[in-house]
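Trainee: with the input below, show me the fold.
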Amino acid sequence: MANMVFCRGCGKEIHESARSCPHCGATSLSAGNKNRITAALLAFFLGGIGAHKFYLGRTGQGILYLIFFWTLIPSVLAFIEFIVYLCSSDENFAKKYG
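Mentor: Sure thing, here's the model as predicted:
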């Protein structure tokens with residue numbers, strides 16, 4: 001059938017617009033391929049220069065982090081974002097950054 005994909009959880013065929021699988025309940029997060037843990041680690045180790053912003057596709061914010069890295073303000077913001085990334089669920093992260 002047209003417009004059908006396979007569920008990542010159970011492997012059954014579902015419609016591509018389905019938000020979750022009717023068989024197993026797995027959420028369909030195929031739109032994004034950004035990893036929450038990777039973004040958190042980049043924010044922690046390289047956040048002062050905006051590496052996590054570039055990874056998430058927020059180039060403009062990444063450039064601002066690069067311009068102002070010498071003030072240490074981006075480092076403080078990146079540490080806060082590190083905590084936010086770790087505390088958010090995979091589903092919420094994918095909705096926002098996927």
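
Trainee: buried sites along the lengthiest helix in the chain?
Mentor: Across the chain, the longest stretch assigned as helix under DSSP state H is helix 73-87. Burial within helix 73-87, assessed by neighbour count using 16 or more other CB atoms under 10 Å, is assigned to 74, 77-78, 81-82, 85. Heads up, the C-betas are built off the backbone N, CA and C, glycines and all.

Trainee: please apply the same query to stretch 42-55.
Mentor: By 16+ other CB under 10 Å, the buried positions in stretch 42-55 come out as 42-44, 47-55.

Trainee: can you put these in JSON lines and add secondary structure, pLDDT and distance to G25?
Mentor: Formatted as JSON lines, the buried residues of stretch 42-55 follow (DSSP: H, G, I helix; E, B strand; the rest coil; pLDDT from 0 to 100; distance: CB to CB, whole Å):
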{"residue": "L42", "secondary structure": "helix", "pLDDT": "97", "distance to G25": "31"}
{"residue": "A43", "secondary structure": "helix", "pLDDT": "98", "distance to G25": "30"}
{"residue": "F44", "secondary structure": "helix", "pLDDT": "98", "distance to G25": "32"}
{"residue": "G47", "secondary structure": "helix", "pLDDT": "97", "distance to G25": "35"}
{"residue": "G48", "secondary structure": "helix", "pLDDT": "97", "distance to G25": "40"}
{"residue": "I49", "secondary structure": "helix", "pLDDT": "97", "distance to G25": "40"}
{"residue": "G50", "secondary structure": "coil", "pLDDT": "97", "distance to G25": "37"}
{"residue": "A51", "secondary structure": "helix", "pLDDT": "97", "distance to G25": "35"}
{"residue": "H52", "secondary structure": "helix", "pLDDT": "97", "distance to G25": "30"}
{"residue": "K53", "secondary structure": "helix", "pLDDT": "96", "distance to G25": "33"}
{"residue": "F54", "secondary structure": "helix", "pLDDT": "96", "distance to G25": "34"}
{"residue": "Y55", "secondary structure": "helix", "pLDDT": "96", "distance to G25": "29"}
